[in-house]
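Visitor: Pasting the sequence and the predicted model now:
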Amino acid sequence: MTTSTNTKRTIAVIFGGRSGEHEVSLMSARSVLSVLDPARYNVIEVGITHTGTWLTGQNALAAFEQGITEPLLPASLLPDPSKPGLFVWRADKHEKIAGVDVYFPALHGTYGEDGTLQGLFEMADVAYVGAGVIGSSVGMEKGVFKDVMIANHIPVVESVVVLRSEIEQDLESVIRRAESVSAYPLFVKPANLGSSVGVTKCRSRSDLAEGLMEAAQYDRRVLVERGVPNPREIEISVLGNDNPQASLPGEIIPGADFYSYDAKYVLDNSEFCIPAALSEAQAALIKELAVRAFKAIDGCGMARVDFLLDPKTGEIFLNELNTIPGFTKISMYPKLWEASGLPYASLIDRLIELALERKAERDRTVRQYRRDV
Ligand SMILES: Nc1ncnc2c1ncn2[C@@H]1O[C@H](COP(=O)(O)OP(=O)(O)O)[C@@H](O)[C@H]1O
Ligand SMILES: [Mg+2]
């Protein structure tokens, strides 16, 4: 009897992308590739350049890491379901190179994690790891995400969204609105980014003005948020489709004033505590909130849900939900599952299965109105 485990599946891992998190994505893809069992999977590496060109070839990731992408071939996934698989351009012709069972976007931020790539996957009618269009876009947009959390009675820190055009045209009134959120410190962030790119902790009005300009470079929507004093940063991993499960919660002790880009990827001096030292009731609440948040945005496959805990008041705030969490060597998402009894490689297998299950579920949807006559 042939079982599905005897059949090698073809997985296209996609990395890079048009996002401030391009480099982080390369690190995530490296880790994903390192745990994909070659006995079980054929792997195709697809890189997206900073300007959006799709390239493929043997060791495409290494080529991206080294910045030597010339030997790679332009690749495309077409939005037309009758032309499935990956194509390359050779001599001005589209040539199919492979059928693909599952696409694995190891991309973070804009054009990867925000629903746009997921829209292409939906158009092409292919199986892919992670959340769909809505889950991805709501998870990505910190302002809309908070509104959805508030509607679901999930606690979040007070904030306001301002627009780049408002910052450019009337900075003073933007500053007034921002200062009405709370006393300093305030956190300013681009609404659609991650890895702390463009995030500033502002202790004064001049910090705020600078932070607003900085964040506005990365997005037309900017979030200004009350700073939680000396927050404990708790993260938890969620896995599943319609019945998602949460891992143990973990804690990050940033090696800088806050968990900035440098603290995440440069300094390498942050500490991790798994499981987080929490009371049973706190851990249970964090699990429950994470699963509720995942369901509220129509999450699928995976998400890492991050909380800020005020050590003085004991208040717990849901900070953000990442639909494509980091998979680098220091990343919490796989570490938390490992500590919860699910090793790296099994986690990747499960994510691939969940992608196929979700596709099968989607295929049950009737696309034509069958009117009884
Ligand atoms: N309201 C806040 N109060 C205190 N610290 C914050 C707040 N918002 C963000 N931070 C700090 O900034 C980091 C990055 O912010 P976050 O919202 O998680 O953005 P990103 O999506 O870039 O990770 C957090 O991990 C935390 O250290
Ligand atoms: Mg974060």
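Guide: Arrived safely. Numbering: from 1, shown residues only. Ligands and ions are numbered 1, 2, ... in the order given.

Visitor: Quick check: residues of the stretch 201-350 of the chain near ligand 1?
Guide: Near ligand 1, the residues belonging to the stretch 201-350 of the chain are 225-228, 231, 233, 254, 258-259, 306, 308, 319-320 when assessed by C-beta under 6 Å from any ligand atom. For glycine as for every other residue, the C-beta is placed from the backbone atoms N, C-alpha and C.

Visitor: switch to 5 Å and redo it
Guide: Contact residues, the stretch 201-350 of the chain versus ligand 1 (C-beta under 5 Å from any ligand atom): E225, G227, V228, P231, F258, Y259, E320.

Visitor: Are we agreed that G326 is in a helix?
Guide: No - under DSSP: H, G, I helix; E, B strand; the rest coil, G326 sits outside any helix and is assigned coil.

Visitor: Please name the nearest non-neighbouring residue to it.
Guide: Sequence neighbours aside, S28 is the residue nearest to G326 in space, at 5.5 Å (criterion: C-beta to C-beta, 6 or more residues apart in numbering).

Visitor: Report the separation between the most centrally placed residue in the chain and ligand 1.
Guide: Centroid check for the chain by C-alpha atoms, centre = their mean gives I324 as the closest residue, at 2.8 Å. Counting by C-beta to the nearest ligand atom, to the nearest Å, the gap from I324 to ligand 1 is 12 Å.

Visitor: Verify the contact between that residue and H108 for me.
Guide: Yes - using C-beta atoms under 8 Å, I324 is in contact with H108, at 5.7 Å.

Visitor: Mutual contacts of the two, please.
Guide: Listed as contacting both I324 and H108 by C-beta atoms under 8 Å, 6 or more residues apart in numbering are S28.

Visitor: quick one on the thing from earlier: OK, contacts around the residue nearest to the centre of the chain?
Guide: I324 neighbours (C-beta under 8 Å, 6+ apart): S28, P105, A106, L107, H108, G112, E113, G130, S136, M302.

Visitor: Please report how far the fourth one lies from L26.
Guide: In this case it means L107. Computed as C-beta to C-beta, to the nearest Å, the L107 to L26 distance reads 10 Å.

Visitor: Give the residues shared as contacts by these two.
Guide: By C-beta under 8 Å, 6+ apart, the residues touching both L107 and L26 are F15, G16.

Visitor: Which of these two has more residues huddled nearby?
Guide: More neighbours surround L107 than the other of L107 and L26, with 28 against 20 (other C-beta atoms under 10 Å).

Visitor: That one belongs to a helix, doesn't it?
Guide: No - read with three-state DSSP, L107 is coil and lies in no helix.

Visitor: The lowest-mean-pLDDT helix or strand in the chain - contacts with which helices or strands?
Guide: Within the chain, no helix or strand scores below strand 93-98, which has a mean of 82 by mean pLDDT, DSSP states H and E. The contact analysis (3 or more C-beta pairs under 8 Å, 6 or more residues apart in numbering; DSSP states H and E) places strand 93-98 against strand 41-48, strand 86-90.
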